[in-house]
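[1] here are the coordinates; sequence isn't available:
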């Protein structure tokens, strides 16, 4: 079960979040202060941390900074006061991945957490210099794609799609999952942009784009990279 750390001094908000996360099959770790949050994070090692900015003792920014240093791959969402744009900016500067403004819709927070989990999982392999599949090699340092040792010119979005696919051979991704990882949760636009980019990518990597053998279409689901 995925662990979520909720660091919030208001018991009513903490309880409200706990109920909603548990309904969505998350394991919730509660903390009332920043110090308690840091201590429990070191013991429980959560995948996601929800941090209120205003906390007794060390504030949410410091907690965010310390968690990011201790757990580079943890997902962090800050809870900020309405209209406090500086809270949002500072939270991102201290290492937060996202923020929510109080009062917030719990359903939206759940969606953001799920999207963040996908991005966190995707980023775990970023420390590798290269990843490969069949004739394809991705140079993660230079962010370049090669097929049979020849470079293929791809856009940044196409590169990310290829990285997702090659690092997850045989795994099916829905359009929404690819949209969340590559374009981000806050992307405003048509989800068909995924199909457009897949079509362009196939034209570059497939021998016969009209009959693809690498990027497979999973009808009713999305796409997957054939395990080579």
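    That came through, no problem. Worth saying up front: this structure is predicted, and the values here are computed from it rather than measured.
[2] pass me the low-pLDDT residue ranges in this structure, would you?
    Residue ranges of the chain with pLDDT under 70: 82-88, 122-128, 185-190.
[3] can you give me the domain boundaries for it?
    Domains of the chain are assigned by automatic domain parsing as 3-123, 130-225.
[4] which of those domains sits most buried?
    For those, average neighbour numbers computed from mean count of other CB atoms under 10 Å are highest in domain 3-123, which has a mean of 18. Glycine gets a C-beta too; all of them are placed from N, C-alpha and C.
[5] which residues touch the longest helix along the chain?
    Criterion DSSP state H: the longest helix present in the chain is helix 106-123. Applying CB atoms under 8 Å, 6 or more residues apart in numbering, the contact partners of helix 106-123 are 2, 4, 16-17, 20-21, 24, 26, 47-48, 50, 73-75, 77, 97-98, 100, 163-164, 167, 177, 180-181, 184-185.
[6] which SSE is immediately downstream of that helix?
    strand 130-133 (DSSP states H and E).
[7] what sits against residue 66?
    Contacts for residue 66 (CB under 8 Å, 6+ apart) come out as 38, 58.
[8] and it, how far is that from residue 78?
    Computed as CB to CB, to the nearest Å, the residue 66 to residue 78 distance reads 14 Å.
[9] cool, and residue 202?
    For residue 202, the distance to residue 78 - CB to CB - is 39 Å.
[10] and if you look at residue 102?
    Distance, residue 102 to residue 78, using CB to CB: 11 Å.
[11] now the strands for this structure?
    For the chain, the strands defined by DSSP state E occupy 3-7, 27-31, 48-52, 75-80, 98-101, 130-133, 136-139, 144-147, 150-152, 172-174, 215-218, 222-225.
[12] by contact count, what packs against the fifth one?
    Using 3 or more CB pairs under 8 Å, 6 or more residues apart in numbering; DSSP states H and E, the elements in contact with strand 98-101 are strand 75-80, helix 85-93, helix 106-123.
[13] one more: the longest one?
    Under the contact criterion of 3+ CB pairs under 8 Å, 6+ apart, the helices and strands touching strand 75-80 comprise strand 48-52, helix 60-70, helix 85-93, strand 98-101, helix 106-123.
[14] which of those sits closest to residue 218?
    Closest approach to residue 218 among the helices and strands packed on strand 75-80 (CB to CB): helix 106-123, 16.9 Å.
[15] show me the contacts for residue 94.
    Counting by CB under 8 Å, 6+ apart, the residues that residue 94 touches are 61, 62, 64, 65, 68.
[16] now the longest helix of the chain and strand 3-7, what's the angle there?
    Counting by axes from the mean of the first three to the mean of the last three CA atoms, to 10 degrees, helix 106-123 lies at 120 degrees to strand 3-7.
[17] isn't residue 7 right up against residue 60?
    Yes: under the criterion of CB atoms under 8 Å, residue 7 makes contact with residue 60 at 7.1 Å.
[18] list residues touching both of these two?
    Common neighbours of residue 7 and residue 60 (criterion: CB under 8 Å, 6+ apart): 34, 51, 52.
[19] find the nearest non-adjacent residue to the second one, please.
    Read that as residue 51. residue 60 (4.3 Å; CB to CB, 6 or more residues apart in numbering).
[20] contacting residues for that neighbour?
    Shown in contact with residue 60 (CB under 8 Å, 6+ apart): 7, 34, 51, 52, 53, 54, 78, 79, 91.
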